[in-house]
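Asker: turn this into a model:
(chains A and B)
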Amino acid sequence: MSPMMGSKPLLFVLFFQLCVSLLPTAVAISPASGDGYTINGRVKIPQGLGVKGFVSSGKISNVKVMLNGGQNITFLRPDGYFSFHNVPAGTHLIEVAAIGHFFSPVRVDVSARNPGKVQAALTENRKGLSELVLEPLREEQYYEIREPFSIMSVVKSPMGLMMGFMLVVVFLMPKLVENMDPEEMRRAQEEMRNQAVPSLANFLPGAGRS
Amino acid sequence: MATAVRLLVLFLLFLSSPNPILSLYEDQVGLMDWHQQYIGKVRHAVFHTQKTGRKRVVVYTEENVLASLDLRHGEIFWRRVLGTNDAIDGIDIALGKYVITLSSGGSILRAWNLPNGQMVWESSLQGPKHSKALLSVEKGSKSKKYNIVIVLSRGCLHAVSSIDGEVLWKKDFDAQSLEIQQVIQLPGSDFLYVVGFSGSSLFEVYQINAKNGEMLKHEIASFSGDFSGELSLVSSEMLVALDATGSSLITISFHSEQISFQQAYISHLVEGFSGPAMMLPSPVTGIFAVKINTVTVFIEVTDKGKLEVLDKTEQPTVISDALSFSETQQAFALVQHEGNKIHFIVKLADNWGSNLLKETIELDQQRGLVHKVFIHNYIRTDRSHGFRALVVMEDHSLLLLQQGAVVWSREDGLASIVDVTTSELPVYKEGALVAKVEHNLFEWLKGHWLKLKGTLMLASPEDVAAIQRIRLKSSEKSKMTRDHNGFRKFLIVLTRGGKLFALHTGDGQIVWSVLLHSLRYSDRCQHPMGVNLYQWQVPHHRAMDENPSVLIVGRCGQRSDAQGVISFVDTYTGRELRSFGLVHSIAQVIPLPFTDSTEQCLHLIIDADKHAHLYPKTPEAVGIFQSELSKVYWYSVEADNGIIRGYGLKSGCVGKEAGEDCFDTRELWSVVFPSESEKIIATVTRKPNEVVHTQAKVVADQDVMYKYLSKNLLFVATVAPKASGEIGSATLEESWLIVYLIDTVTGRILHRMSHHGSHGPVHAVFSENWVVYHYFNLRAHRYEMSVIEIYDQSRAENKDVWKLVLGKHNLTLPISLYSRAEAMTKSQSYFITHSVKTMAVTLTAKGITSKQLLIGTIGDQVLALDKRFLDPRRTVNPSQAEREEGIIPLTDTLPIIPQSYITHALKVEGLREIVIVPAKLESTTLVFAHGVDLFFTRLAPSKTYDSLTEDFSYALLLLTIVALVAAIFVTWVLSERKDLQEKWR
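Answerer: Presented below is the predicted three-dimensional model:
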C-alpha cells in the first residue's frame, strides 16, 4: 500500500464521528451514538522491503487487527485504515497480525473525560504514539538462507578437517623426515627393517610373503 | 576427571549451539510438514458467474469463514476468517463486484472486493435492541440502477450505499414492541414492506419508500389466535404464518386496504396429520412447504388465499431457494433421498407436475443426509439451460453436482475437529499394501548427486526443481505400514459433524472416514455431539493380531447430565465395531493404566450422580479393577462454584440394580475458593503418557536437585471475578491472579502464589516438575509468562556419599503422597509480545530430549520456544559454571526468533489446539495443530542427534569410500613396486 497523507482520511471517518473531524490528525477515538467509543487507526507497511514479495498489495487484504486478544477482529481497508466500534472506556490492547512482519502490540487509552484524545504507546519499547499509525518494527524472515558455496565452509566441515589433516600428514611428514640427521635416519631405517615393519602390503591377502 | 567432564559439557554445548532454533530452508517446505485449508460447514452460498472470467461461489460457514471458491474445482480463491463472536448473519453480492456481509448480530456491515477479498468498507450499525438481522441488496431493474443495501439490524431499518458504506437513511422501530419478521421488497417498485408481529396476536405492516425511508402506510390487524412467529412470503401480497400450536396455517393478504386473515387447519388439508408442523422457507411464488414429523408437505396458495396440497413425501427432502434463470421463468430444486441414492429434481415454479430435470446420483453412505442445497444455472453449448447444485451434507462436506455426477467435493468437516488421538499403522507384511519403493541404482545416485549439488549451492534452477520433486515424491513417507522411527501414524480425528477420519501423518491424506451411527440425529438423541476420543485397544504382546481400536464418547445435548453414547471403531479399517446409547450420563472419563488380557484399556466413566462405571463391562475387568480399587482417586473441578473436590471409590452402587461394574464414590477432600475474590479460570495436569528420563537434575556446582514428580499434581489458576473477562474490563487494583499447585490425592496445597494487577485469560502447560503459564500483566500492559519449578527437598540429603555408604539414606522408604511433602519451588516471570490462543509442550518417547514450548499465537502461527528460556535459575550474569550448564543470561522479554515459527510462512487459521505425539525416535516429536486449517510437522527440539538428516548426502559418502578404496589399491601397487626395487638392489 502506498502512504497517503492529508485530508483523504477524513473521507473514511464514519458518519457519527462529527466532533473528531476537526482534528488534523488521521486517527482518533470518537464517541459513538450508542454505547462505547470508536477507535480508528491505520496500519502502514513499507513497500519494497519485503523479501520475495511478502508485501504486495494482495497481502494487505489478509492483515488482521485484533483488540484485547481477539475480542474484536477487523481487517484493513485498501488504504490501511481500520476501526473498532463500540469500545468501552478503559485501557485496551491492539495487536496486528501480518505474515512477514513483526508488530508491537499497542496500548490505547480510551477515556470518557476527554474524548478524541489519543493516548497510545507501543508496549514493546514503551514509545508513545501521537497518532495511531502502526508500523512494523521489523521484517520476519521465516526461513534460513542457504549460505552460498564457499571454500571456507568446506574447510570447516568435519570432512574438510579430515582432508586437511591427511594433507598435512602426506606433505609435511616427509619434510620433517628429510630434516632429520642422515645418520640417525639410517639407524632408524635399520631398526625398522629388523622389526619387519608391518607394511600395508602385509595386510593384503597374497602379499604377506616378502 | 572434572576437567574432562567440563570439556565434554563444553563440547556438547558446542554441538547444541546457544540459541537452538529449528530453522528450515525454504526448499524444505513440505518435506516433513503438510498444511490443509478448509472452511467449515457452509451456511449460505451465493453464485457469481460472469460471461467472462472465473466462475466462483461465495460462501459463509459455521466457522465464521467467508470464502470464495472456484466453481470448477472447489479450490479456495480467498478466505477471511472472522472473529469467533462475529458470526455472519447474511451475505449478498452488490454491484457485481462487492460481497456484502452482515455480522455480529447485525451490527457490522462489510464489503469485500470479489476478486481478491480485500475489505473495501466497513460500517457499524447501531440500534437499541437485538432483533433478527436481515440483509437484502436491491437488484434494481436495468432502467434505474440502485446501489442500496437494505439492512434490518437491532430493531432498525438501514439503507446503506453499497459504494462506500454510508448510511443513507435509518428508520427506527424501537418505540413499538414490534418483532420484525421480514422485509419485503417487490421487484420493480420503490416500496418496502416491513412485516412483523407485536405481542403474540398483532400483525403489523409498514410501507416504506425505499428511496428516502419515508413511512407511507402503517396498518395493524389483530388475529383471534396466537402466532408462532414463523412467516413465509408466498406471493407479492400474501404471507403464510403458523399459529402457536402448530396446527393451523394462516394466510395473510396485506396489500389491500384491510389486512385479512384466513385460517386453515392442517388436519383438514393433510389426512392423518398429527404433531406440530414446521414451516420451511417458501421456494417460489405460490408454493410453500410444511414439515410435519418426517413428512414434507408442499402446499399451493391460490389467488384467493385457498390452500391446496400439491404433494407430500416421507423421504428426507431438502428444498433450495428460487432461481430466476430467464426473464420470466423461476425454478427451484429438490433433493430427495432414496436408499443410498439421491434424486436431484429441478422444477419450474408454475408447473409442479413435471420436472425440468431429474438426476439420480449415487453418494457415499458416509456422507449422511443432505442438509442444504443451492442451485445455479448455466447455458449449455446447445443454448439450453443446465443446472448445477451445491450440496451441504450431514458430515459438513460440500459437493458440486452437475450432469448426474459429483464434480468435486470438499471435506470441510475437518475444519471443526473436536478431539484427536493417534493410532499405529499395520506392521509390514509380505503382500501388504505398500507403495513400490524405487527405481534403480543410477536414479538413486543421480538423486543424491543433485542433492549434493543443492547443498553446495551449485544447482541450477532446473536442478532445484528436480530436487524438490524428488523430495516430495519420496514414497517412503506416505506408505501404509509402520516405520522404524514411528513417523508414520494415523491421526484419528473426531469432527463436530459426528464423523471420524483417519489422516496419514505422511501427507495428510484421508485413509478412511466413517459417519458414526451413534452420533447421528435420532428420536432418542436429538442433539448428539461427540466429546472425546480415547485409545481403547492398543495391540501389544498379549494380543498382537487384534486391530487397534478407539473409544468415542458423546452425549445427547450440551449439558453434562444428558444421556451418553459410546462407540468403538477399528482404526485399521474404520469399521464401527459396537455402539450403544448408555443409560447413564457421562460427566468425566478417566482412562485407567490397566489393561485386560486382550489389551483393552480400562476406562472409568463418571456420571452426573457421581457413580463410576467401569468399561469394558467384563468380569475380568472388574476383577482387575477390584484389586486396585483402593489406589484409585479422582477429582472434579466445579468452576462455576469455585470448588475442587477429590474422591475415592467404594465397590457396589447403593440403591441401584446396576451390576458389578458400577462403583460408588466417596468425597475425600474439597478446596473451596472464596467466590467473591477468586474464580477458577484454568486447570491443567501433566499428560498421562509423559515419560520422565531422570528424577535428578545436576546443577552447576556439582549439586543435585530432585524433581518433585507426581502424576497427581493439579495446577489451578484463579482470578478476581472482575478480571475474568476481556482485557480492559478491570482496573489495576481490582485484578489479581493466584496460582496453586494442589495434590489431587490428598487435596494438599503445595504451593500458592499471587500476581497482583494481572488478568486472564490464562493458558498453562504442565510437564515433569514445572508449569508454565501465560497471562496479562495490567501494570506493564504486556503479556507475561511465568514458570514454576517444584523440587523435592526430603531427598536432598541423599547426596551425601557417607550416608549412602552407612545406609542412612531414605531411598528405600516407600513414597507416599500422605507423607508430608517438603516441596521447594522456584519461579520467574518474563514478558512476551504475543497473545496466546493455545499452548503445548513437546513430548518424546523416553523424555531425554530437551523440551520446547509450542505457543499458538493470536496470529494463528505456532512458535517454538526452548524451555531453557523459562528457567527460574536464569540470572543477569550467570557464573562460568552456570554458563557451561547452559543457563541463558536473564532478559526481561522472551525472544521471538522468526525462524523458530514451526508453521514458517503459513497460518493455521482459527487455531484451536496443538496436539503432540512422541515418535519412536527419541529426538523427534510429531506436532498436529488444528483449527479451520490443519498443519502437521515433525520437530526435533535438540536437533536429530540420533539419526542422519534428510539431506544427508549418501552419494558423497559413497564417493569418498570408493576414492579411499581406489587409493588403497594404488598405494598397494606402488608399495609392491618399491619393495621389488628394494629387493633388486
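
Asker: how's chain A carved up into domains?
Answerer: A:22-139, A:151-195 (automatic domain parsing).

Asker: which one of those domains is the most hemmed in?
Answerer: domain A:22-139 (a mean of 18; mean count of other CB atoms under 10 Å in any protein chain shown). For the C-beta atoms, the positions are set from N, CA and C on the backbone; glycine is no exception.

Asker: tell me if it is near chain B.
Answerer: Yes. Residues of domain A:22-139 contacting chain B under CB under 8 Å from any CB of the partner chain: A:32-34, A:38, A:58, A:60-62, A:64, A:66, A:68-78, A:83, A:85-86, A:88, A:90-93, A:95, A:97-100, A:102, A:104-105, A:107, A:123-124.

Asker: looking at the domains of chain A, which is nearest to B:Arg873?
Answerer: Closest to B:Arg873 of these, according to CB to CB: domain A:22-139, at 26.1 Å.

Asker: strand partners of the helix or strand containing B:His755, parallel vs antiparallel please.
Answerer: Using DSSP states H and E, B:His755 maps to strand B:749-756. Using DSSP bridges, strand B:749-756 pairs in its sheet with strand B:736-743 (antiparallel).

Asker: any idea of the mean pLDDT for the strand it pairs with?
Answerer: Averaging pLDDT along strand B:736-743 yields 92.

Asker: need the residues that contact it.
Answerer: Applying CB atoms under 8 Å, 6 or more residues apart in numbering or on different chains, the external contacts of strand B:736-743 come out as B:644, B:671, B:678, B:710, B:712-720, B:723, B:748-760, B:762, B:771, B:773, B:775, B:786, B:788, B:790, B:817, B:821, B:823, B:825.

Asker: quick revisit: name the next helix or strand downstream of the strand holding B:His755, please.
Answerer: strand B:758-767.

Asker: for the helix or strand following that next one, which strands pair with it and how are they oriented?
Answerer: On the C-terminal side of strand B:758-767, the closest following helix or strand by DSSP H and E is strand B:770-777. Here strand B:770-777 has these sheet partners by DSSP bridges: strand B:758-767 (antiparallel), strand B:782-792 (antiparallel).

Asker: tabulate the ones you listed (CSV), appending mean neighbour count and mean pLDDT.
Answerer: Output for the strands paired with strand B:770-777, formatted as CSV (neighbours: other CB atoms under 10 Å in any protein chain shown; pLDDT from 0 to 100):
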stretch, mean neighbour count, mean pLDDT
strand B:758-767, 23, 90
strand B:782-792, 21, 92
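
Asker: element containing B:Gly623, please.
Answerer: helix B:619-628.

Asker: other SSEs contacting that helix?
Answerer: On a contact count with 3 or more CB pairs under 8 Å, 6 or more residues apart in numbering or on different chains; DSSP states H and E, helix B:619-628 meets strand B:588-595, strand B:601-606, strand B:612-615.

Asker: those: which one's closest to chain A?
Answerer: Chain A lies closest to strand B:588-595 among the helices and strands packed on helix B:619-628, at 28.9 Å (CB to the nearest CB).

Asker: residues contacting B:Ala448?
Answerer: Just so we're on the same page, residue B:448 is His rather than Ala. B:953-956, B:958.

Asker: point out the least confident member of these, please.
Answerer: B:Ser953 (72).

Asker: give me phi/psi at that one?
Answerer: phi -90, psi 100 (degrees, to the nearest 10).

Asker: ok, for it, nearest residue in space, not its chain neighbours?
Answerer: B:Leu452 (4.6 Å; CB to CB, 6 or more residues apart in numbering or on different chains).

Asker: from what I can see the one you found touches B:Leu958, true?
Answerer: No. Assessed by CB atoms under 8 Å, B:Leu452 is found out of contact with B:Leu958, at 10.6 Å.

Asker: these two: which is more packed in?
Answerer: B:Leu452 (18 against 12; other CB atoms under 10 Å in any protein chain shown).

Asker: against B:Val373, how distant is B:His343?
Answerer: 12 Å (CB to CB, to the nearest Å).

Asker: chain A contacts on the stretch 601-750 of chain B?
Answerer: Residues of the stretch 601-750 of chain B lying near chain A (CB under 8 Å from any CB): B:726-729.

Asker: again, 7 Å this time
Answerer: B:726-728 (CB under 7 Å from any CB of the partner chain).

Asker: tell me what residue 122 is bridged to.
Answerer: Chain wasn't specified; assuming chain A. A:Val106.

Asker: chain B was what I was after
Answerer: Under the criterion used (DSSP bridges), B:Glu122 bridges to B:Arg110.

Asker: surely it is in contact with B:Ser104?
Answerer: No. The pair B:Glu122 / B:Ser104 is not scored as a contact, 11.2 Å apart, by CB atoms under 7 Å.

Asker: low-confidence ranges, chain A, go.
Answerer: A:1-35, A:47-59, A:114-118, A:148-149, A:195-210 (pLDDT under 70).

Asker: show me where it has its helices.
Answerer: A:8-12, A:151-156, A:158-167, A:173-178, A:182-195, A:200-203 (DSSP state H).

Asker: pLDDT on stretch B:852-872, on average?
Answerer: Mean predicted lDDT for stretch B:852-872 stands at 92.

Asker: report the longest helix in chain B, please.
Answerer: Ranked by residue count, the top helix of chain B under DSSP H comes out as helix B:954-984.

Asker: any residue of that one touching chain A?
Answerer: Yes. Residues of helix B:954-984 are located near chain A by CB under 7 Å from any CB, namely B:971-972, B:975-976, B:979.

Asker: whichever of those residues end up buried, select them in ChimeraX.
Answerer: To isolate the buried ones among those in ChimeraX, judged by 16 or more other CB atoms under 10 Å in any protein chain shown, type:
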select /B:972,976
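
Asker: now, which of the residues of helix B:954-984 next to chain A sits nearest B:Phe831?
Answerer: For those, the nearest to B:Phe831 is B:Thr971 (63.6 Å; CB to CB).

Asker: so what's the closest residue in space to B:Arg410 that isn't next to it in sequence bridging to?
Answerer: Leaving out its chain neighbours, the residue that sits closest to B:Arg410 by CB to CB, 6+ apart is B:Leu398, at 4.5 Å. For B:Leu398, the beta-bridge partners under DSSP bridges are B:Val392, B:Arg410.

Asker: who are the contact partners of B:Leu398?
Answerer: Counting by CB atoms under 7 Å, 6 or more residues apart in numbering or on different chains, B:Leu398 touches B:42, B:390, B:392, B:409-410, B:412.
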